[in-house]
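In: The following comprises the amino acid sequence and a computationally predicted model.
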Amino acid sequence: MQSENRFFDDLAKLVNGAAGTMAGMTREFESNARERAKEWIGGMDFVSREEFDTVKAMAQAAREEVEALKARIDALEGKAGEPVTKSVKTVKPKASETLDRSIEGVAPLPDDAN
């Protein structure tokens, strides 16, 4: 009877040791896998959640500012009526003026005395 008890005690110690070893291996595997995943994701230029939330808040603030500025522009245009547009009138020179200007810069032709 004593030998059977000792056998079961040894078997229980062996199983407990194996279970502890497996638990340690599992934790080590998980930490290694987590570290490799962080390295892989870090190499892909993903942003962290904090950075994403910060940029999201900045974009929301910019949208709100744009809407406020649009409302302000609409209010200003409403007070002044239609927006003022400048029109420039182009004047074409007369044909005789163009001809006179082009002749002024031309040198006289040499005489052909043969």
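Out: Thanks, I have the structure now. Residues are numbered from 1 along each chain as shown.

In: Would you map the helices across this structure?
Out: 2-43, 49-80, 95-104 (DSSP state H).

In: could these go into CSV alongside mean neighbour count?
Out: The C-beta positions use only the backbone N, C-alpha and C, and glycine is treated the same way. What follows is those, written out as CSV (neighbours: other CB atoms under 10 Å):
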stretch, mean neighbour count
helix 2-43, 10
helix 49-80, 10
helix 95-104, 9
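
In: least reliable of these going by mean pLDDT?
Out: Mean pLDDT per stretch puts helix 95-104 lowest among these, at a mean of 55.

In: Please determine how far Leu14 is located from Ala23.
Out: 15 Å (CB to CB, to the nearest Å).

In: and if you look at Asp53?
Out: Taken as CB to CB, the span from Asp53 to Ala23 is 36 Å.

In: ok, now Ala33?
Out: Here the criterion is CB to CB. By it, Ala33 lies 16 Å from Ala23.

In: ditto for Leu69
Out: 61 Å.

In: do Val66 as well
Out: Val66 is 56 Å from Ala23, by CB to CB.

In: now Trp40
Out: In terms of CB to CB, Trp40 sits 26 Å off from Ala23.

In: Equivalent analysis for Ala75, please.
Out: For Ala75, the distance to Ala23 - CB to CB - is 69 Å.

In: Please apply the same query to Lys79.
Out: 75 Å.

In: Likewise for Gly78?
Out: From Gly78 to Ala23 the distance is 73 Å (CB to CB).

In: Kindly report the same for Ala57.
Out: 42 Å.

In: what do you get for Glu65?
Out: Distance from Glu65 to Ala23, by CB to CB: 55 Å.

In: Just the CA atoms of stretch 50-61, as CSV, please.
Out: Written as CSV, here are the backbone C-alpha positions of stretch 50-61 (Å, rounded to 0.1, in the frame of the first residue of the first chain):
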residue,chain,number,x,y,z
GLU,A,50,-3.6,58.3,-28.4
GLU,A,51,-2.2,59.8,-31.5
PHE,A,52,-5.3,58.9,-33.5
ASP,A,53,-7.6,60.4,-30.9
THR,A,54,-5.5,63.6,-30.8
VAL,A,55,-5.6,64.1,-34.6
LYS,A,56,-9.3,63.2,-34.6
ALA,A,57,-10.0,66.0,-32.0
MET,A,58,-7.9,68.4,-34.1
ALA,A,59,-9.9,67.6,-37.2
GLN,A,60,-13.1,68.1,-35.4
ALA,A,61,-12.0,71.5,-34.1
